[in-house]
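Participant: Pasted the sequence and its predicted model underneath.
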Amino acid sequence: MRSTQMRNGGLGLALLSAVAFGGSGVAAKPLIEAGFDPLHVVWMRAAGAALVLLPVAVRHRRLPLQRPGLLIGFGLLGIAGVQGLYYVAISRIPVGVAILVEYLGPALLLGWVRFVQRRRVRRAAVVGVTLAVGGMCCVVRIWSGLAFAPVGLLLAFGAACCQVAYFVLADHGTQQPPGTEEDPDIEGDGAGGVPDPVAVIAHALLIGTASLTVVARPWDIAWTSLAHQVPFGDVDVPAILLVGWIVLVSTVVAYLTGVVAVRRLSPQIAAVVSCIEAVVGTVLAWFLLGEHLGTAQLVGGGLVLAGAFAAQTAMPSASVESARSVPPAVPGQRSPQDLTPRL
């Protein structure tokens, strides 16, 4: 009973995370169309979220010395790579198409697990990914894809590859080395323990911001333009309001709810549920930007939801397999899956 409640609660948080992430492109697109450079927008997103989570990074200030490779990988790939490539992509192609290509990541992840790691993949998870990806093809009408800029599609695919690297890092780079124990007095920061997932995100945002600073050149941002109004559907809104949404909701809230969700769901299930972000982004664009959905898109949305449900049914067997592959837990030790929020 408790297991079912935790799983249902995890699914709800995963959906909330997907909704929060789904609003990112809808809020960023008007800023880009109003003249903001895509890299400037993603820099403000990463820097703002890093500032909010700075107290967490300070509390876990020893973590960069203990897990430098993990944090650099998360910062460069999970933050700068995924978000930077995605924002540049939506400056060239529609938001929905960019999300579709980026969220081929879960399918690529399963391919990595099956063909590179040579590990068995549960049939329900495969069915879920197939339905979700097929549904997203309908949502964004992929049959029109040849009309989109090839460079934009390539950038979005690059974001998908970075997303796969993010999940692989979470699955392997955070496992506790055999024969080591975590310091019970230092939560999540023991030399041999699994680091606190929120601390990893906080430090990754700092590293991502630093790397984006090199390419984005934030000193060239027209800061006074943040006080101006930008077109948002049929209304004009302050640019700073959209930036605030991207920072607080689409980054901080999205990551934190994703972390908690993955503590109750397996990484594969959380990755598939995150595919709903494509539907969320399209629906928000419908209501907020006036981009109406057609019949094929509505059918596609239903397929994505069906895919998420099919993946959810794989939870019991996935849990058994996880129990076989993960060493016995040490009191207070976190699972290596904790660091796998959606992307």
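Facilitator: Right, received. Where do you want to start? Because the structure is predicted, anything quoted here is derived from the model rather than measured.

Participant: Output stretch 88-102 as CSV, restricted to C-alpha atoms.
Facilitator: Taking C-alpha atoms only, stretch 88-102 is exported to CSV below (Å, rounded to 0.1, in the frame of the first residue of the first chain):
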residue,chain,number,x,y,z
VAL,A,88,19.4,28.0,-29.9
ALA,A,89,17.3,25.4,-31.7
ILE,A,90,14.0,27.1,-30.9
SER,A,91,15.3,30.3,-32.5
ARG,A,92,15.4,28.4,-35.8
ILE,A,93,12.6,25.8,-35.6
PRO,A,94,9.2,25.6,-33.7
VAL,A,95,9.2,24.9,-30.0
GLY,A,96,7.2,21.7,-30.4
VAL,A,97,9.6,20.3,-33.0
ALA,A,98,12.7,21.1,-30.9
ILE,A,99,11.1,19.3,-27.9
LEU,A,100,10.3,16.3,-30.0
VAL,A,101,13.8,15.9,-31.3
GLU,A,102,15.3,16.6,-27.8
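
Participant: Number the residues from 884 up from this point.
Facilitator: Yes, from this point I'll number from 884; that puts the last item at stretch 971-985.

Participant: ok, residues contacting it?
Facilitator: 905, 908-909, 911-912, 915, 921-922, 965, 969, 1019-1020, 1022-1023, 1025, 1028, 1031-1032, 1034-1036, 1038-1040, 1042-1043, 1046, 1160-1161, 1164-1165, 1168, 1226 (CB atoms under 8 Å, 6 or more residues apart in numbering). (C-beta placed from N, C-alpha, C; glycine too.)

Participant: So among the residues you listed, which ones count as buried?
Facilitator: 905, 908-909, 911-912, 915, 921-922, 965, 969, 1019-1020, 1022-1023, 1025, 1031, 1035-1036, 1038-1040, 1042-1043, 1046, 1160-1161, 1164-1165, 1168, 1226 (16 or more other CB atoms under 10 Å).

Participant: In helices, which of those residues fall?
Facilitator: 905, 908-909, 911-912, 915, 921-922, 965, 969, 1019-1020, 1022, 1035-1036, 1038-1040, 1042-1043, 1046, 1160-1161, 1164-1165, 1168 (DSSP state H).
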